[in-house]
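[1] Predicted model follows, preceded by the sequence.
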Amino acid sequence: MDVSTVTLDATPVDLRTAASIEAAEARAWADLYAAAPAGWAEAAGIGTQEVGGALVLRWAGTGRRYFSRVIGLGVVKPASRAVIEEILDGYERAGITMFLLQSLPQCRPIDYEDWLSDLGLEPFDAQERVVRDGSPLAVAPAPAGDRELTVERVTDTTSGEWVEFIERVYRLDTGPWLPRLIARPGWHQYVAREGGEIVAARGMHIGSDGTAWLGMDGPVPGVTTDDYEPDAALCAFVVSDGLARGARSFLADIEAPSPEQATPGYESFGRLGFTRPYLRTHWTRG
(Lines give C-alpha, C1' and ligand atoms only; values in the text may rest on other atoms or scores of the structure.)
Protein backbone atom coordinates (compact mmCIF):
# COMPACT_ATOMS: atom_id res chain seq x y z
CA MET A 1 0.00 0.00 0.00
CA ASP A 2 1.29 3.48 -0.89
CA VAL A 3 1.04 5.33 2.44
CA SER A 4 1.01 8.68 0.66
CA THR A 5 -2.54 7.85 -0.49
CA VAL A 6 -3.84 6.82 2.94
CA THR A 7 -6.36 9.20 4.49
CA LEU A 8 -8.69 8.89 7.44
CA ASP A 9 -12.41 8.54 6.94
CA ALA A 10 -13.77 11.73 8.52
CA THR A 11 -17.47 10.80 8.59
CA PRO A 12 -19.00 12.46 11.69
CA VAL A 13 -20.50 10.29 14.42
CA ASP A 14 -23.71 10.79 16.35
CA LEU A 15 -24.01 12.09 19.90
CA ARG A 16 -24.32 8.65 21.48
CA THR A 17 -21.12 7.43 19.83
CA ALA A 18 -19.20 10.58 20.73
CA ALA A 19 -20.36 10.30 24.35
CA SER A 20 -19.21 6.68 24.48
CA ILE A 21 -15.78 7.60 23.11
CA GLU A 22 -15.30 10.49 25.53
CA ALA A 23 -16.49 8.39 28.48
CA ALA A 24 -13.92 5.71 27.64
CA GLU A 25 -11.11 8.25 27.72
CA ALA A 26 -12.44 9.69 30.96
CA ARG A 27 -12.35 6.25 32.59
CA ALA A 28 -8.71 5.80 31.57
CA TRP A 29 -7.66 9.17 32.99
CA ALA A 30 -9.64 8.62 36.20
CA ASP A 31 -7.88 5.30 36.75
CA LEU A 32 -4.51 6.84 35.89
CA TYR A 33 -4.94 9.52 38.56
CA ALA A 34 -6.33 6.98 41.03
CA ALA A 35 -3.06 5.04 40.71
CA ALA A 36 -1.07 7.88 42.33
CA PRO A 37 -0.19 7.14 45.99
CA ALA A 38 -2.62 9.06 48.21
CA GLY A 39 -0.14 11.10 50.24
CA TRP A 40 1.98 12.01 47.27
CA ALA A 41 -1.11 12.86 45.19
CA GLU A 42 -2.41 15.18 47.89
CA ALA A 43 0.91 17.02 48.08
CA ALA A 44 1.04 17.37 44.29
CA GLY A 45 -2.58 18.54 44.05
CA ILE A 46 -3.67 15.51 42.01
CA GLY A 47 -7.32 14.55 41.98
CA THR A 48 -10.48 14.04 39.95
CA GLN A 49 -14.17 14.67 40.37
CA GLU A 50 -17.31 14.37 38.27
CA VAL A 51 -19.20 17.58 37.56
CA GLY A 52 -22.21 17.62 35.27
CA GLY A 53 -21.39 14.18 33.90
CA ALA A 54 -17.85 15.26 32.95
CA LEU A 55 -14.52 14.23 34.45
CA VAL A 56 -12.55 17.12 35.92
CA LEU A 57 -8.82 16.45 36.23
CA ARG A 58 -6.47 18.50 38.35
CA TRP A 59 -2.73 18.34 38.91
CA ALA A 60 -1.85 21.62 40.54
CA GLY A 61 1.86 20.89 40.92
CA THR A 62 2.58 20.84 37.18
CA GLY A 63 1.33 24.26 36.10
CA ARG A 64 0.46 22.54 32.82
CA ARG A 65 -2.93 22.81 31.11
CA TYR A 66 -3.14 19.30 29.72
CA PHE A 67 -3.08 17.70 33.18
CA SER A 68 -5.88 19.90 34.53
CA ARG A 69 -8.69 19.57 32.04
CA VAL A 70 -12.28 18.49 31.57
CA ILE A 71 -13.36 15.46 29.52
CA GLY A 72 -16.90 14.88 28.25
CA LEU A 73 -18.51 18.17 29.23
CA GLY A 74 -21.63 18.82 27.15
CA VAL A 75 -21.39 15.39 25.51
CA VAL A 76 -22.06 12.77 28.17
CA LYS A 77 -24.80 15.09 29.51
CA PRO A 78 -25.98 18.52 28.34
CA ALA A 79 -23.91 21.29 29.88
CA SER A 80 -25.22 24.35 31.67
CA ARG A 81 -23.68 27.70 32.42
CA ALA A 82 -23.91 26.89 36.13
CA VAL A 83 -21.89 23.67 35.64
CA ILE A 84 -19.19 25.53 33.71
CA GLU A 85 -19.02 28.14 36.47
CA GLU A 86 -18.76 25.38 39.10
CA ILE A 87 -15.80 23.85 37.24
CA LEU A 88 -14.04 27.19 36.84
CA ASP A 89 -14.63 28.01 40.53
CA GLY A 90 -13.15 24.64 41.48
CA TYR A 91 -9.97 25.34 39.55
CA GLU A 92 -9.75 28.78 41.15
CA ARG A 93 -10.12 27.33 44.66
CA ALA A 94 -7.36 24.82 43.86
CA GLY A 95 -5.09 27.63 42.70
CA ILE A 96 -5.02 26.23 39.15
CA THR A 97 -4.86 28.89 36.47
CA MET A 98 -3.63 26.62 33.66
CA PHE A 99 -6.52 24.37 32.61
CA LEU A 100 -8.53 23.28 29.57
CA LEU A 101 -12.19 22.78 28.78
CA GLN A 102 -13.10 21.27 25.43
CA SER A 103 -15.79 21.50 22.79
CA LEU A 104 -16.91 18.99 20.18
CA PRO A 105 -19.45 19.39 17.38
CA GLN A 106 -21.71 17.12 19.45
CA CYS A 107 -21.66 19.34 22.58
CA ARG A 108 -25.03 20.39 23.93
CA PRO A 109 -26.80 22.77 24.20
CA ILE A 110 -26.28 25.08 21.23
CA ASP A 111 -25.22 27.86 23.63
CA TYR A 112 -22.28 25.86 25.00
CA GLU A 113 -19.44 27.63 23.19
CA ASP A 114 -21.11 31.01 23.75
CA TRP A 115 -21.04 30.32 27.50
CA LEU A 116 -17.34 29.44 27.34
CA SER A 117 -16.65 32.70 25.55
CA ASP A 118 -18.86 34.74 27.89
CA LEU A 119 -16.95 33.34 30.88
CA GLY A 120 -13.63 34.54 29.50
CA LEU A 121 -12.39 31.42 27.73
CA GLU A 122 -11.03 31.29 24.20
CA PRO A 123 -9.87 28.53 21.84
CA PHE A 124 -6.33 27.39 22.64
CA ASP A 125 -5.59 24.38 20.44
CA ALA A 126 -7.28 21.35 18.93
CA GLN A 127 -6.91 17.58 18.62
CA GLU A 128 -8.22 15.09 16.10
CA ARG A 129 -9.98 12.18 17.77
CA VAL A 130 -9.15 8.91 15.98
CA VAL A 131 -10.82 5.55 16.60
CA ARG A 132 -10.90 2.02 15.22
CA ASP A 133 -12.91 -1.11 15.90
CA GLY A 134 -11.59 -4.53 16.88
CA SER A 135 -11.11 -5.87 13.37
CA PRO A 136 -7.79 -7.57 12.54
CA LEU A 137 -4.98 -5.41 11.23
CA ALA A 138 -4.84 -5.22 7.45
CA VAL A 139 -1.09 -4.49 7.49
CA ALA A 140 1.75 -6.08 9.41
CA PRO A 141 2.76 -4.05 12.52
CA ALA A 142 6.23 -3.20 11.18
CA PRO A 143 8.02 0.19 11.34
CA ALA A 144 8.04 2.31 8.20
CA GLY A 145 11.30 3.35 6.57
CA ASP A 146 14.73 1.76 6.84
CA ARG A 147 15.42 2.50 10.50
CA GLU A 148 16.08 -0.26 13.00
CA LEU A 149 13.31 0.59 15.44
CA THR A 150 12.24 -2.06 17.93
CA VAL A 151 9.21 -1.94 20.21
CA GLU A 152 8.81 -3.74 23.53
CA ARG A 153 6.52 -3.84 26.54
CA VAL A 154 7.78 -2.18 29.71
CA THR A 155 8.44 -4.66 32.50
CA ASP A 156 9.47 -4.37 36.13
CA THR A 157 13.06 -4.68 34.93
CA THR A 158 12.82 -1.75 32.49
CA SER A 159 10.31 0.41 34.38
CA GLY A 160 13.00 2.68 35.86
CA GLU A 161 14.39 3.45 32.42
CA TRP A 162 10.86 4.11 31.12
CA VAL A 163 10.01 6.43 34.03
CA GLU A 164 13.22 8.40 33.53
CA PHE A 165 12.38 8.82 29.84
CA ILE A 166 8.78 9.94 30.48
CA GLU A 167 9.86 12.42 33.16
CA ARG A 168 12.54 13.87 30.89
CA VAL A 169 10.28 14.16 27.85
CA TYR A 170 7.40 15.71 29.79
CA ARG A 171 9.62 17.67 32.20
CA LEU A 172 7.67 16.30 35.17
CA ASP A 173 8.41 14.82 38.58
CA THR A 174 6.11 11.81 38.95
CA GLY A 175 7.58 10.54 42.23
CA PRO A 176 6.44 7.00 43.09
CA TRP A 177 3.43 7.15 40.74
CA LEU A 178 4.35 5.71 37.34
CA PRO A 179 5.92 2.39 38.45
CA ARG A 180 2.51 1.47 39.88
CA LEU A 181 1.08 1.35 36.36
CA ILE A 182 3.26 -1.59 35.31
CA ALA A 183 1.29 -4.13 37.34
CA ARG A 184 -2.00 -2.22 37.48
CA PRO A 185 -4.92 -4.10 35.85
CA GLY A 186 -5.78 -2.75 32.40
CA TRP A 187 -2.53 -0.84 31.92
CA HIS A 188 0.20 -1.61 29.39
CA GLN A 189 3.26 0.52 28.65
CA TYR A 190 5.53 0.32 25.61
CA VAL A 191 8.79 1.86 24.40
CA ALA A 192 10.47 2.15 21.02
CA ARG A 193 14.25 1.79 20.90
CA GLU A 194 16.82 2.77 18.34
CA GLY A 195 20.41 1.70 18.84
CA GLY A 196 19.37 0.29 22.22
CA GLU A 197 18.14 3.66 23.53
CA ILE A 198 14.51 4.59 24.21
CA VAL A 199 13.38 7.15 21.64
CA ALA A 200 9.60 7.10 22.23
CA ALA A 201 6.95 5.72 24.58
CA ARG A 202 3.21 5.18 24.56
CA GLY A 203 0.71 3.60 26.93
CA MET A 204 -2.55 1.72 26.57
CA HIS A 205 -5.43 1.30 29.00
CA ILE A 206 -7.99 -1.41 28.22
CA GLY A 207 -11.21 -0.75 30.09
CA SER A 208 -13.70 -3.29 31.39
CA ASP A 209 -15.77 -2.75 28.22
CA GLY A 210 -12.84 -3.66 25.98
CA THR A 211 -12.13 -0.11 24.84
CA ALA A 212 -8.42 0.63 24.57
CA TRP A 213 -7.23 4.21 25.09
CA LEU A 214 -3.81 4.99 23.61
CA GLY A 215 -2.03 7.85 25.35
CA MET A 216 0.95 8.90 27.46
CA ASP A 217 2.80 9.32 24.17
CA GLY A 218 6.14 11.01 24.26
CA PRO A 219 7.60 12.85 22.55
CA VAL A 220 4.38 14.01 20.90
CA PRO A 221 4.59 13.86 17.09
CA GLY A 222 4.02 17.23 15.47
CA VAL A 223 4.20 19.03 18.81
CA THR A 224 7.47 18.19 20.57
CA THR A 225 9.09 16.26 17.72
CA ASP A 226 9.01 16.17 13.92
CA ASP A 227 10.01 12.49 13.93
CA TYR A 228 6.82 10.47 13.46
CA GLU A 229 8.34 7.05 12.77
CA PRO A 230 8.95 5.86 16.37
CA ASP A 231 5.36 6.60 17.37
CA ALA A 232 4.05 4.94 14.21
CA ALA A 233 5.98 1.80 15.14
CA LEU A 234 4.62 2.01 18.68
CA CYS A 235 1.00 2.41 17.59
CA ALA A 236 1.22 -0.55 15.22
CA PHE A 237 2.68 -2.74 17.96
CA VAL A 238 0.20 -1.50 20.58
CA VAL A 239 -2.86 -2.11 18.41
CA SER A 240 -1.60 -5.60 17.55
CA ASP A 241 -0.96 -6.33 21.23
CA GLY A 242 -4.30 -4.84 22.23
CA LEU A 243 -6.15 -7.06 19.78
CA ALA A 244 -4.33 -10.09 21.18
CA ARG A 245 -5.42 -9.01 24.67
CA GLY A 246 -9.09 -8.79 23.70
CA ALA A 247 -9.51 -5.07 22.99
CA ARG A 248 -12.71 -4.48 21.01
CA SER A 249 -12.08 -0.85 20.04
CA PHE A 250 -9.31 1.77 20.21
CA LEU A 251 -9.13 5.53 20.61
CA ALA A 252 -6.28 8.02 20.39
CA ASP A 253 -5.54 11.58 19.31
CA ILE A 254 -3.58 13.38 16.64
CA GLU A 255 -2.35 16.39 18.58
CA ALA A 256 -1.17 18.39 15.57
CA PRO A 257 -4.32 18.52 13.39
CA SER A 258 -4.15 19.23 9.67
CA PRO A 259 -7.33 20.00 7.69
CA GLU A 260 -5.66 18.46 4.63
CA GLN A 261 -4.47 15.40 6.63
CA ALA A 262 -1.01 16.42 5.49
CA THR A 263 1.13 14.96 8.28
CA PRO A 264 2.54 11.45 8.69
CA GLY A 265 0.30 10.89 11.72
CA TYR A 266 -2.77 10.61 9.49
CA GLU A 267 -0.97 8.12 7.25
CA SER A 268 0.15 5.87 10.11
CA PHE A 269 -3.24 5.85 11.84
CA GLY A 270 -4.97 5.35 8.49
CA ARG A 271 -2.82 2.31 7.73
CA LEU A 272 -3.95 0.84 11.07
CA GLY A 273 -7.64 1.26 10.20
CA PHE A 274 -8.45 4.32 12.31
CA THR A 275 -11.11 6.87 11.38
CA ARG A 276 -11.51 10.49 12.43
CA PRO A 277 -14.99 11.05 13.95
CA TYR A 278 -14.52 14.63 15.20
CA LEU A 279 -12.17 17.44 16.14
CA ARG A 280 -11.90 18.53 19.79
CA THR A 281 -11.13 22.15 20.54
CA HIS A 282 -9.54 23.09 23.85
CA TRP A 283 -10.55 26.34 25.53
CA THR A 284 -8.70 28.24 28.23
CA ARG A 285 -8.19 31.68 29.69
CA GLY A 286 -5.48 33.77 28.05
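    Yep, that arrived.
[2] got the residue ranges for the helices in the stretch 151-286 of the chain?
    Taking DSSP state H, counting those that start in this stretch, the helices of the stretch 151-286 of the chain run over residues 159-170, 229-244, 264-271.
[3] And the average pLDDT for the second one is what?
    With pLDDT averaged residue by residue, helix 229-244 scores 96.
[4] In it, which residues are buried?
    Counting neighbours by 16 or more other CB atoms under 10 Å, one finds that the buried residues in helix 229-244 are 229-243. Bear in mind the C-beta positions are built from the backbone N, C-alpha and C, glycine included.
[5] other SSEs contacting it?
    Applying 3 or more CB pairs under 8 Å, 6 or more residues apart in numbering; DSSP states H and E, one finds that helix 229-244 contacts strand 149-153, strand 187-194, strand 197-206, strand 211-218, strand 249-254, helix 264-271.
[6] what about the nearest residue to Phe165 once chain neighbours are set aside, distance to Gly265?
    Spatial nearest neighbour of Phe165, excluding adjacent residues (CB to CB, 6 or more residues apart in numbering): Ile198 at 4.7 Å. Per CB to CB, to the nearest Å, Ile198 is found 20 Å from Gly265.
[7] Which one's more surrounded, these two?
    Gly265 (26 against 21; other CB atoms under 10 Å).
[8] Report the beta-bridge partners for the spatially closest residue to the more buried one that is not a sequence neighbour.
    Among residues not flanking Gly265 along the chain, Ile254 sits closest, at 4.7 Å (CB to CB, 6+ apart). Judged by DSSP bridges, the bridge partners of Ile254 are Glu128.
[9] pretty sure Ile254 contacts Val131?
    No: Ile254 is not in contact with Val131 according to CB atoms under 8 Å; the separation is 11.5 Å.
[10] now, among the buried residues of helix 229-244, which is nearest to Val6?
    Using CB to CB, Ala232 comes nearest to Val6 of those, at 11.6 Å.
[11] Report the separation between the closest one and Leu32.
    In this view, Ala232 and Leu32 are 24 Å apart by CB to CB.
[12] do Ala201 as well
    14 Å.
[13] Likewise for Cys235?
    Counting by CB to CB - Cys235 and Leu32 are separated by 19 Å.
[14] show me where pLDDT drops low in the chain?
    The chain contains residues with pLDDT under 70 at 1-5, 140-145.
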